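Peer 1: Sequence first, predicted model second:
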Amino acid sequence: ADSFQKKCLHFVSEVLQYCFVRLTMVRVGAAPTLICLYQGEKMAGKKDIETKAEELLQPVTDAQGVRIYDVEYVKEGSDWYLRAYIDKDGGVTIEDCEAVSRAYSEKLDEADLIQDAYILEVSSPGLGRQLKKDRHFANSIGEEVELKLFETMDGEKEFTGILTAFDKDTVTIQAEGKEAQSFERGKLAVIRLTVDF
């Protein structure tokens, strides 16, 4: 009987975990963020999830008058995060994040995209936004960026300059008073817009 009770409790726990849904507003730095915890079906591969998640997000952002900046699915500690970064001229608001998050969570639930519990965050990309995709680089030509390398180059790991060019393999920056430098994209740990205060 004791074993049967344990099995019943385990089953109820699994059901409750599957059905668990919670929305709460938080603020991370200056960027408004809406967080939603829930579960769905898992789709194989982190990149596959990101690609499909962005496809699901597109009609939502179109309807809300904002743009997709990026979508990432990452694990931090014991938690998985699906992060959707949205943008628009003049900057996004908390209301934008809330509207997108509610509509987006419905799309994700319908698609049964991810099996494991995860945290959905919808926010602006922030001032010091990372450049990851070709569209990010294209929109940032002429802007000052800072980049960090996985390994040192000429004794340095960090460089700052104006983004002047890019292609599928390299990124080129021009620092004041120096010759233009090109870096292999595969060797970049991170590249982001410089934040001036």
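Peer 2: Structure's in. What do you need? This structure is a prediction, so every number in the text was calculated from the model and none was measured. Numbers count the residues shown, from 1 in each chain.
Peer 1: all contacts plus neighbour counts: C-alpha atoms, from now on.
Peer 2: OK.
Peer 1: Pretty sure E50 sits against V71.
Peer 2: Yes. Contact criterion CA atoms under 8 Å: E50 and V71 qualify, at 6.1 Å.
Peer 1: E146 and G161 touch, don't they?
Peer 2: Yes. E146 lies in contact with G161 (CA under 8 Å); the separation is 6.6 Å.
Peer 1: Show me where the protein has its helices.
Peer 2: 2-19, 46-64, 94-111, 134-139 (DSSP state H).
Peer 1: could I have the longest one exported to PDB, CA atoms only?
Peer 2: What that stands for is helix 46-64. Only the C-alpha atoms of helix 46-64 are listed here, as PDB (Å, rounded to 0.1, in the frame of the first residue of the first chain):
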ATOM      1  CA  LYS A  46      19.200  23.600 -29.200                       C
ATOM      2  CA  LYS A  47      19.600  25.300 -32.600                       C
ATOM      3  CA  ASP A  48      16.400  23.600 -33.900                       C
ATOM      4  CA  ILE A  49      14.600  25.000 -30.900                       C
ATOM      5  CA  GLU A  50      15.900  28.500 -31.500                       C
ATOM      6  CA  THR A  51      15.100  28.400 -35.200                       C
ATOM      7  CA  LYS A  52      11.500  27.100 -34.600                       C
ATOM      8  CA  ALA A  53      11.000  29.500 -31.700                       C
ATOM      9  CA  GLU A  54      11.900  32.400 -33.900                       C
ATOM     10  CA  GLU A  55       9.500  31.200 -36.600                       C
ATOM     11  CA  LEU A  56       6.700  31.100 -34.000                       C
ATOM     12  CA  LEU A  57       7.600  34.600 -32.700                       C
ATOM     13  CA  GLN A  58       7.600  36.300 -36.100                       C
ATOM     14  CA  PRO A  59       3.800  36.600 -36.500                       C
ATOM     15  CA  VAL A  60       3.500  37.800 -32.900                       C
ATOM     16  CA  THR A  61       6.000  40.600 -33.400                       C
ATOM     17  CA  ASP A  62       4.400  41.500 -36.700                       C
ATOM     18  CA  ALA A  63       1.100  41.900 -35.000                       C
ATOM     19  CA  GLN A  64       2.500  43.900 -32.100                       C
END
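Peer 1: can you list the residues that contact it?
Peer 2: 43, 67-68, 70-74, 86, 96, 99-100, 103-104, 107-108, 113-114 (CA atoms under 8 Å, 6 or more residues apart in numbering).
Peer 1: if you set the cut-off to 7 Å instead, what comes out?
Peer 2: The contact list for helix 46-64 (CA atoms under 7 Å, 6 or more residues apart in numbering) reads M43, R67, I68, V71, E72, Y73, V100, A103, Y104, K107.
Peer 1: got a list of what the closest residue in space to the fifth one that isn't next to it in sequence touches?
Peer 2: What it means is E72. Excluding its sequence neighbours, the residue lying closest to E72 (CA to CA, 6 or more residues apart in numbering) is R83, at 5.3 Å. Shown in contact with R83 (CA under 7 Å, 6+ apart): V71, E72, Y73, L120, E121, V122.
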